[in-house]
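Coordinates only, no sequence provided:
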């Protein structure tokens, strides 16, 4: 199994910054193809915020371009989301996601895993 543990959420004033971290762990991890961050605000659908592939290709939703930066540390199986110039509309629960292939004996399985979520609240 694979576990994703997020940290770094909290309460910040508009214009402030936060840095989210997510560590993927599990003895059966064979390959992490991509990691990313999603968010879900009350009454809204979960949406992709940013993602990064194992090769370093990044993708951002338009509303965070120029303000958020996703990065990764492959050696630590960790992805980060640096969030600057935060706005009240960024308020949401942020979820880490990982596209992982696990290897158990000789069997490989590719699956998407989710973290438990971390709350980000931006006050005006």
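In hand now; what should we look at? Only a predicted model underlies this, so the values are computations on that prediction, with no experimental measurement involved.

Please name the bridge partners of the most centrally placed residue in the chain.
Central residue of the chain (Cα atoms, centre = their mean): residue 37, 2.8 Å from the mean position. Here residue 37 sits in beta bridges with residue 50, residue 96, going by DSSP bridges.

Please name the residues that touch it.
20, 22, 48-51, 70, 79, 81, 94-97 (Cβ atoms under 8 Å, 6 or more residues apart in numbering). Bear in mind the C-beta positions are built from the backbone N, C-alpha and C, glycine included.

Can you flag the buried ones in the residues you listed?
Using 16 or more other Cβ atoms under 10 Å as the burial test, those include 20, 22, 49-51, 70, 79, 81, 94-97 as buried.

and which of those is nearest to residue 87?
Closest approach to residue 87 among these (Cβ to Cβ): residue 49, at 13.0 Å.

What segments of this structure are strands?
Secondary structure of the chain (DSSP state E): strands located at 3-7, 10-13, 18-25, 29-40, 47-53, 58-60, 68-73, 78-83, 92-104, 107-114, 118-123.

hey, which of the ones you listed is tucked in deepest?
strand 78-83 (a mean of 22; mean count of other Cβ atoms under 10 Å).

Pull the residues that contact that strand.
So strand 78-83 is contacted by 17-24, 35-37, 49-50, 52, 64, 67-73, 90, 94, 96, 98, 120 (Cβ under 8 Å, 6+ apart).
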